[in-house]
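Undergrad: Sharing a sequence plus its predicted fold:
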Number of protein chains: 2
Amino acid sequence: MGFMQTLRRPKIRDQASEQIKQYIVEHHLGPGDRLPTESQLAETFGISRPSVREATKALEFLGIVESKTGVGLTVGRLDLSRVTEHLGFHAGLLDADPLQLIESRVIVETGVLPRVAKQMAADPAIEPRLRQLVDQFRAARDLKTWIALDIQFHRSLLEASGLQPLVAFGDLLHVFFQRFRESVKRAEWKQGIESHQQIVDHLAAQRVDAAVAELRAHIESHQERIR
Amino acid sequence: MGFMQTLRRPKIRDQASEQIKQYIVEHHLGPGDRLPTESQLAETFGISRPSVREATKALEFLGIVESKTGVGLTVGRLDLSRVTEHLGFHAGLLDADPLQLIESRVIVETGVLPRVAKQMAADPAIEPRLRQLVDQFRAARDLKTWIALDIQFHRSLLEASGLQPLVAFGDLLHVFFQRFRESVKRAEWKQGIESHQQIVDHLAAQRVDAAVAELRAHIESHQERIR
DNA sequence: GTTGGCAAGATTGTCAGATAATCTTGCCGT
DNA sequence: ACGGCAAGATTATCTGACAATCTTGCCAAC
């Protein structure tokens, strides 16, 4: 019978990572502040250094602490991109509904366009950058560079909004979209190039609604490919 | 002279974690599937087992892999709550521009409302759920439960859209947003309650534009508090 | 006196090997 | 057929050592 217990003894390294977090809070440490050395932590917690390391390396992976050879451990600074970097990988495993991912992209990327239009009017450096990417598209000859440029275009669009959280979210999704970008056919390039061109044109002329419509159609064109 | 290099050799365990992720992708492994043993991984990568462990423990921390004593390593199941739990333990470490967070939330949450209105028309269960949350607001007496309910309300809004990726992203934004909520004053509750009420009313009546305007004003009201 | 480099110490990075704890599997007796 | 026990497999933890890297301070040269 298996009803009893499953009362697993908590793992030492997990206790250690909790204690380290607790240490940070109790000592009111902020980003950049120093932590005790691994040896000191090991002695304090009454465990071995390898266990402490497994704890700190896990925390470091998330960005909660940083470690430098010859220096020591310091408290880290957490930003969204750091987190999504690893989570994006997860979105690939998690068999999310492709239709939901497409719709999510549409909402985020079109939602950002009004801001982009404003930023373009204020910062003359943005438009040339986008046009340069469109031109590189036309010169692209193989699928691989086309994909890379497509990713960069959409990323630049998000970057132009100045909203880093949304850039991070875009990066997260792009891992997933890579999968069916590969199934793009040559004939569909041309259409993609024209879409990008028109989006930039619309934005430069402050025709936000037209840009939104074009971008929505562009992203939703993936829908036909996923069946 | 310091101009040369700063070309840090990539750390072995980081290479290892990358290789493990790569292994999962290349072998098309999904949650629950087995990975090679630590010893096998160590031998395959040509490194020691402790280094493999530091890599796997970091991945396990995020839920990318799971390990059970006597069993082995398996691919993990996405558990965002675990991540947000680790992130939220100390607000002082979170680094994000408040204005960008606010604007990002506005874009995501308002962008979702057209879909929510559609879903409400199709699924009669949604409206009572939202109204119930509004009612609980009115009954709330302390700041803590108010914050919890506020988070839940906005989350339910995203859930009602049926777009899981945006729900997950919303959770992440809330973690970074948390510290600003604590500075809400009692007088501002009332206003928040009324906002929520009106948003639900507008949506129920299919007045999407009005709901968008109200939600935007509601979120942007935080701007005045962060100076 | 100032500057430059070098040496020593401190700290993390990596490794090897061993033992304990825990889970699975299959055998054996009833 | 069923239940328990033993053996194997695998992760969990520890000890100890050495390598790589950064910081600090001393010392010599100018």
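TA: Sure, I can see it.
Undergrad: Residue A:119 contacts residue A:161, correct?
TA: Yes. Counting by Cβ atoms under 8 Å, residue A:161 is a contact partner of residue A:119 at 6.7 Å. For glycine as for every other residue, the C-beta is placed from the backbone atoms N, C-alpha and C.
Undergrad: Get me the contact residues on chain A for DNA strand D.
TA: Within chain A, the positions lying close to DNA strand D (Cβ under 7 Å from any atom of the strand) are A:11-13, A:47-51, A:54, A:68-71.
Undergrad: List just the nearest of those to residue B:178.
TA: residue A:13 (27.0 Å; Cβ to Cβ).
Undergrad: If you tally nearby residues, what's the number for that closest one?
TA: For residue A:13, the count of nearby residues is 22 (other Cβ atoms under 10 Å in any protein chain shown).
Undergrad: That one sits in which helix or strand?
TA: Secondary structure assigned from DSSP states H and E places residue A:13 in helix A:12-26.
Undergrad: buried set for that helix?
TA: Residues of helix A:12-26 classed as buried by neighbour count (16 or more other Cβ atoms under 10 Å in any protein chain shown): A:12-14, A:16-17, A:19-21, A:23-24.
Undergrad: Spatially, which two of those residues are the most separated?
TA: The widest separation within those (Cβ to Cβ) is 19.0 Å, between A:12 and A:24.
Undergrad: before we move on, back to that, now the buried residues of helix A:12-26 in CSV, with pLDDT?
TA: Output for the buried residues of helix A:12-26, formatted as CSV (pLDDT from 0 to 100):
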residue, pLDDT
A:12, 93
A:13, 92
A:14, 93
A:16, 95
A:17, 95
A:19, 96
A:20, 96
A:21, 96
A:23, 96
A:24, 95
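Undergrad: Now render those as TSV, adding distance to chain B.
TA: TSV is the format used below for these (distance: Cβ to the nearest Cβ, whole Å):
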residue	distance to chain B
A:12	11
A:13	7
A:14	9
A:16	11
A:17	8
A:19	12
A:20	10
A:21	5
A:23	11
A:24	6
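Undergrad: and chain A, which residues reach DNA strand C?
TA: Applying Cβ under 7 Å from any atom of the strand, we find that chain A lies next to DNA strand C at A:6, A:8-9, A:35, A:37-39, A:49-50, A:53, A:56-57, A:67-73.
Undergrad: pLDDT averaged over stretch A:29-49 - what is it?
TA: Averaged across stretch A:29-49, pLDDT comes to 95.
Undergrad: Among the buried residues of helix A:12-26, which one sits closest to DNA strand C?
TA: Using Cβ to the nearest atom of the strand, residue A:12 comes nearest to DNA strand C of the buried residues of helix A:12-26, at 10.6 Å.
Undergrad: Isn't the closest one up against residue A:47?
TA: Yes. If you go by Cβ under 8 Å, residue A:12 and residue A:47 touch, sitting 5.5 Å apart.
Undergrad: low-scoring pLDDT stretches of chain A, where are they?
TA: Scanning chain A for pLDDT under 70 picks out A:1-8, A:88-95, A:179-180, A:182-183, A:226-227.
Undergrad: Which stretches in it count as helices?
TA: Using DSSP state H, the helices of chain A run over A:12-26, A:38-45, A:49-62, A:80-93, A:98-122, A:126-139, A:143-160, A:164-181, A:186-204, A:208-220.
Undergrad: which residues are in contact with stretch A:157-175?
TA: Stretch A:157-175 is contacted from outside by A:79-81, A:83-85, A:87-89, A:91-92, A:101, A:104-105, A:108-109, A:112-113, A:115-116, A:119-120, A:126, A:130, A:151, A:154-155, A:199, B:96-97, B:100-101, B:103-104, B:107-108, B:165, B:169, B:173, B:176, using Cβ atoms under 8 Å, 6 or more residues apart in numbering or on different chains.
Undergrad: cool, and stretch A:33-46?
TA: By Cβ under 8 Å, 6+ apart, the list of residues contacting stretch A:33-46 reads A:15-16, A:19-20, A:23-24, A:27, A:29, A:48-49, A:51-53, A:56, A:65, A:72-75.
Undergrad: Would you list the buried entries among the contacts of stretch A:157-175?
TA: Counted by 16+ other Cβ under 10 Å, these give A:79-81, A:83-84, A:87-89, A:91-92, A:101, A:104-105, A:108-109, A:112-113, A:115-116, A:119-120, A:126, A:130, A:151, A:154, A:199, B:96-97, B:100-101, B:103-104, B:107-108, B:165, B:169, B:173, B:176 as buried.
Undergrad: Please report the distance of the residue of chain A found nearest DNA strand D from residue A:37.
TA: Nearest residue of chain A to DNA strand D (Cβ to the nearest atom of the strand) works out as residue A:70 at 2.3 Å. With distances taken as Cβ to Cβ, to the nearest Å, residue A:70 is found 11 Å from residue A:37.
Undergrad: Neighbour count for the two, which is higher?
TA: residue A:37 (13 against 4).
Undergrad: Backbone dihedrals for the more buried one, both of them.
TA: For residue A:37, the backbone dihedrals (degrees, to the nearest 10) come out as phi -70, psi 160.
Undergrad: one step back: let's have the helices of chain A in JSON lines, adding distance to residue B:136.
TA: Output for the helices of chain A, formatted as JSON lines (distance: least, Cβ to Cβ, whole Å):
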{"stretch": "helix A:12-26", "distance to residue B:136": "30"}
{"stretch": "helix A:38-45", "distance to residue B:136": "42"}
{"stretch": "helix A:49-62", "distance to residue B:136": "33"}
{"stretch": "helix A:80-93", "distance to residue B:136": "30"}
{"stretch": "helix A:98-122", "distance to residue B:136": "28"}
{"stretch": "helix A:126-139", "distance to residue B:136": "45"}
{"stretch": "helix A:143-160", "distance to residue B:136": "36"}
{"stretch": "helix A:164-181", "distance to residue B:136": "29"}
{"stretch": "helix A:186-204", "distance to residue B:136": "43"}
{"stretch": "helix A:208-220", "distance to residue B:136": "36"}
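Undergrad: closest one to residue B:147 among those helices?
TA: Across the helices of chain A, the minimum distance to residue B:147, taken as Cβ to Cβ, is reached by helix A:12-26, at 19.4 Å.
Undergrad: Which neighbouring elements make contact with the closest one?
TA: Contacts defined by 3 or more Cβ pairs under 8 Å, 6 or more residues apart in numbering or on different chains; DSSP states H and E place helix A:12-26 against helix A:38-45, helix A:49-62.
Undergrad: cutoff 10 Å now
TA: helix A:38-45, helix A:49-62, strand A:65-68, strand A:72-75, helix B:49-62, helix B:80-87 (3 or more Cβ pairs under 10 Å, 6 or more residues apart in numbering or on different chains; DSSP states H and E).
Undergrad: CSV for those, including distance to residue B:214?
TA: What follows is those, written out as CSV (distance: least, Cβ to Cβ, whole Å):
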stretch, distance to residue B:214
helix A:38-45, 50
helix A:49-62, 36
strand A:65-68, 42
strand A:72-75, 40
helix B:49-62, 37
helix B:80-87, 27
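Undergrad: Tell me which of the ones you listed approaches residue A:141 most closely.
TA: For the helices and strands packed on helix A:12-26, proximity to residue A:141 was assessed by Cβ to Cβ; helix B:49-62 is nearest, at 38.1 Å.
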